[in-house]
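Peer 1: For reference, the sequence and a predicted model appear below.
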Amino acid sequence: MRILWRTIGGLSLVLLTAPSVVYLAGRMSLETVKGLMLIATILWFVSSGLAFLKSSKG
Amino acid sequence: MDQNASAQPDGQPDGRQQFSPVEEFEREPVPPHAQLGFGSFLGMYAGEHTAGTELMLGPLFVAHGVSAFDFIVGLLVGNALAVLSWMLFCAPIAVRARLTLYYQLEKICGRKLVTLYNLANGVMFTILAGAMITVSATALGVWFDFKMPGLDDATPTSVGWVLAVVVMGLLFAGCAAYGFKTISKFANIAVPWMVLVFLTFGLITVRRFIDATGAAIASPDDLWTLCRTAIWKGGQPLAGRAKFTFWHVMFFAWFCNMAWHIGLSDLSVFRYARKAWYAVASAAGMYIGHFMAWICASLLFAYQLHLDPGNADVHPGPLAYDAAGLTGLLCVVIAGWTTANPTIYRAGLAFQAILPKHSRFFITLATGICATIAAAAYPKVTMRLLDFVAIWALILMPMGAVIFVDFWLIRKFGLRSNWAQWSGRAFNWAAGLAWLLTLTVCTLLVQFSTVADWLAAKGLLNVSPERMQWLKETFTIEIFFVSLPGWFMTAILYLALSKWYQSTSRPAVEGGQ
């Protein structure tokens, strides 16, 4: 289960950064970038928090 | 700036995140079984140099009228010099002695002088925590439309601002006093996310510059032209700021952590390193926090100035919100919170070393309240953060010179090292005077123009206006540069004063120890 949370965490960091790269290339609106970054932020803190809890218990 | 420190929280030398040896070995060398590998240091430095204050420092470079070449190359060279300072000054002593800074200082300077050092360290950390509280409080300004202090405001500008600082400050102080360990764990989780949010600030703002200027970017040359002509244009600094050149940027990047590398605070960290070269790990912190993060933060402010040259307010909250929405705002709050927390805690520990009978909880809370009051009452410290950091480096740097001379050179001059330990004295006057005289001379050099004017007004300096101008231009040294000659001054003074002191002062303990 911990591996799953870590994978989601890693993907959320990609989701956090990739939209700004696409925006830099001029292929996404800033509002969309902000929305995706917020989703990525929530995913990151939830997944890494849960992974941390699992590792603390384990 | 960073969140590291010299005080030692529970179970962690210097309270470093991601760096948690089981034992502290406060008064003994770290044994081989407790030493750590390269990865521990890489993780620690990479994580801790991206702090809330980077959001303030980056924009201030723009306010000082820095040009693109001076900024980028100055940061590259200055950060390289900082890494070399850790590698060549700090780590070689750390892996040989394997003692904390405090124990090493106590052996050389005596317990009472170390107490003074602790006091200076604690005060500086308290003020820095105030700056972090200020940065986070600007986030509240996005929701509550109160007037925030501008770049030149010395005092609070609205009741709303004071309330925001007090709310943030008390929250941070309570967390530091009550739940330091929990917040440290949360900080570990936040670091990778925070670093990438800083990066997105930069990527997003470069695109916004491209759109705003209509520049066509088809090659690195085009991008560099955009940087030179629209982002870091050089030219005149904002009113009341010194013009920053390559040398200012280089020296600032080199010396902003001077207390830790040349000042040797990080002896407490690298005593755990198996090899001295592990100090190269500091490059991860320098080039993420003091290169990428400063550049990205400066972009936010440069874009604001590009849109409205009259808006020179450095408010990280609105700047980050404008670029990255709620994520940016969250980054400002979390960056300030996670870094103010250990800073308040460590300032508290420094004070607790002076007042050991008081509880850690009470002292940490009181320190946090002091930081809050400083932040609320005097926002100018935050608006002048570059100057404050340079002053901090100057104040703590001399003790690094004292340790360096005592460790490598003093015996070659026929003098005794670790004199306080040998003599049993609690105050080594040679070290104390070297520290005091260096600070006095450096302060006079920084304030030379003011001192010369004062002497002329009192009739003590009667020279022609041309001569006076020459004197001022020749002898005034900016705060960003004075620490380098200051280091050599302390080293020479400590040697000379030790020659006198060790020949005239008798050991407090018969025959020394």
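Peer 2: Cool, got the structure.

Peer 1: contacting residues for the residue of chain B found nearest chain A?
Peer 2: Closest to chain A within chain B is residue B:325: 3.3 Å, counting by C-beta to the nearest C-beta. Glycine gets a C-beta too; all of them are placed from N, C-alpha and C. Residues in contact with residue B:325 (C-beta atoms under 8 Å, 6 or more residues apart in numbering or on different chains) are A:34-35, A:37-38.

Peer 1: Then residue B:323?
Peer 2: B:200-201, B:204-205, B:208, B:300, B:303.

Peer 1: Then residue B:312?
Peer 2: Going by C-beta under 8 Å, 6+ apart, the list of residues near residue B:312 reads B:63, B:150-151, B:238, B:305.

Peer 1: close enough to count as contact, residue A:54 and residue A:5?
Peer 2: Yes: using C-beta atoms under 8 Å, residue A:54 is in contact with residue A:5, at 6.7 Å.

Peer 1: The two - which one has more neighbours?
Peer 2: residue A:5 (19 against 15; other C-beta atoms under 10 Å in any protein chain shown).

Peer 1: So what's the predicted local confidence for that one?
Peer 2: On pLDDT, residue A:5 comes in at 88.

Peer 1: Distance of it relative to chain B?
Peer 2: In this structure, residue A:5 and chain B are 12 Å apart, going by C-beta to the nearest C-beta, to the nearest Å.

Peer 1: which non-adjacent residue is nearest that residue?
Peer 2: Nearest residue to residue A:5 in three dimensions, chain neighbours excluded: residue A:51, at 3.8 Å (C-beta to C-beta, 6 or more residues apart in numbering or on different chains).

Peer 1: Look up how far residue B:60 lies from that neighbour.
Peer 2: 37 Å (C-beta to C-beta, to the nearest Å).

Peer 1: and the residue nearest in space to the middle of chain A, what element?
Peer 2: Against the mean C-alpha coordinate of chain A, by C-alpha atoms, centre = their mean, the closest residue is residue A:12 at 1.8 Å. Using DSSP states H and E, the element containing residue A:12 is helix A:2-24.

Peer 1: before we move on, the earlier item: and chain B, which of the contacts of residue B:325 contact it?
Peer 2: Contacts with chain B are made by A:34-35, A:37-38 out of the contacts of residue B:325, judged by C-beta under 8 Å from any C-beta of the partner chain.

Peer 1: and which of the residues you listed is nearest to residue B:95?
Peer 2: Relative to residue B:95, the closest of these is residue A:37; by C-beta to C-beta it sits at 42.3 Å.

Peer 1: how far does the host helix or strand of residue A:49 sit from the chain's center?
Peer 2: Following DSSP H and E, the helix or strand that holds residue A:49 is helix A:30-57. Relative to its chain's centre, helix A:30-57 lies at 5 Å (C-alpha atoms, centre = their mean, to the nearest Å).

Peer 1: For it, list every residue counted as buried.
Peer 2: A:30, A:33-34, A:36-38, A:40-41, A:43-45, A:47-48, A:50-52 (16 or more other C-beta atoms under 10 Å in any protein chain shown).

Peer 1: now for those, which pair is the farthest apart?
Peer 2: A:30 and A:52 (32.0 Å).

Peer 1: Residue B:138: neighbour count?
Peer 2: Applying other C-beta under 10 Å, we find 31 residues neighbouring residue B:138.

Peer 1: ignore the last one, residue B:424
Peer 2: 14.

Peer 1: now swap in residue B:202 and tell me
Peer 2: Neighbours around residue B:202, by other C-beta under 10 Å: 21.

Peer 1: That one in helix, strand or coil?
Peer 2: Three-state assignment for residue B:202 (DSSP: H, G, I helix; E, B strand; the rest coil): helix.

Peer 1: Tell me which residues touch it, please.
Peer 2: Residue B:202 touches B:292, B:295-296, B:299, counting by C-beta under 8 Å, 6+ apart.

Peer 1: now residue A:17
Peer 2: Counting by C-beta under 8 Å, 6+ apart, residue A:17 has contacts B:196, B:199-200, B:203.

Peer 1: follow-up on the earlier one: name the nearest residue to the residue nearest to the centre of chain A, sequence neighbours excluded.
Peer 2: Per C-beta to C-beta, 6+ apart, closest to residue A:12 is residue A:43, 3.7 Å.

Peer 1: Hmm, that neighbour is touching residue A:15, no?
Peer 2: Yes: assessed by C-beta under 8 Å, residue A:43 is found in contact with residue A:15 at 6.9 Å.

Peer 1: Output the set of residues of chain A in proximity to chain B.
Peer 2: A:13, A:16-17, A:20-21, A:23-24, A:26, A:30, A:33-35, A:37-38, A:40-41, A:44-45, A:48-49, A:52.

Peer 1: at 6 Å what do you get?
Peer 2: Residues of chain A lying close to chain B (C-beta under 6 Å from any C-beta of the partner chain) are A:13, A:16-17, A:20, A:23-24, A:34, A:37-38, A:41, A:44, A:48.

Peer 1: Any chance of those in a markdown table with distance to residue B:229 and pLDDT as columns?
Peer 2: As requested, these are exported to a markdown table (distance: C-beta to C-beta, whole Å; pLDDT from 0 to 100):
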| residue | distance to residue B:229 | pLDDT |
| --- | --- | --- |
| A:13 | 33 | 97 |
| A:16 | 31 | 98 |
| A:17 | 27 | 98 |
| A:20 | 23 | 98 |
| A:23 | 22 | 98 |
| A:24 | 19 | 97 |
| A:34 | 28 | 98 |
| A:37 | 29 | 98 |
| A:38 | 33 | 98 |
| A:41 | 34 | 97 |
| A:44 | 37 | 96 |
| A:48 | 41 | 90 |
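
Peer 1: Least confident secondary structure element in chain B?
Peer 2: The helix or strand of chain B with the poorest confidence is helix B:38-48; it has a mean of 82 (mean pLDDT, DSSP states H and E).

Peer 1: I'd like to know the average pLDDT value across the next helix or strand after that helix.
Peer 2: Counting by DSSP H and E, the next helix or strand C-terminal to helix B:38-48 is helix B:54-63. The pLDDT scores in helix B:54-63 average 94.

Peer 1: Show me what helix B:54-63 is packed against.
Peer 2: helix B:294-307, helix B:385-404 (3 or more C-beta pairs under 6 Å, 6 or more residues apart in numbering or on different chains; DSSP states H and E).

Peer 1: Most tightly packed of these?
Peer 2: helix B:385-404 (a mean of 24; mean count of other C-beta atoms under 10 Å in any protein chain shown).

Peer 1: So what's the gap between the host helix or strand of residue B:352 and the chain middle?
Peer 2: Using DSSP H and E, the element containing residue B:352 is helix B:316-354. Mean-position distance between helix B:316-354 and its chain equals 15 Å (C-alpha atoms, centre = their mean).
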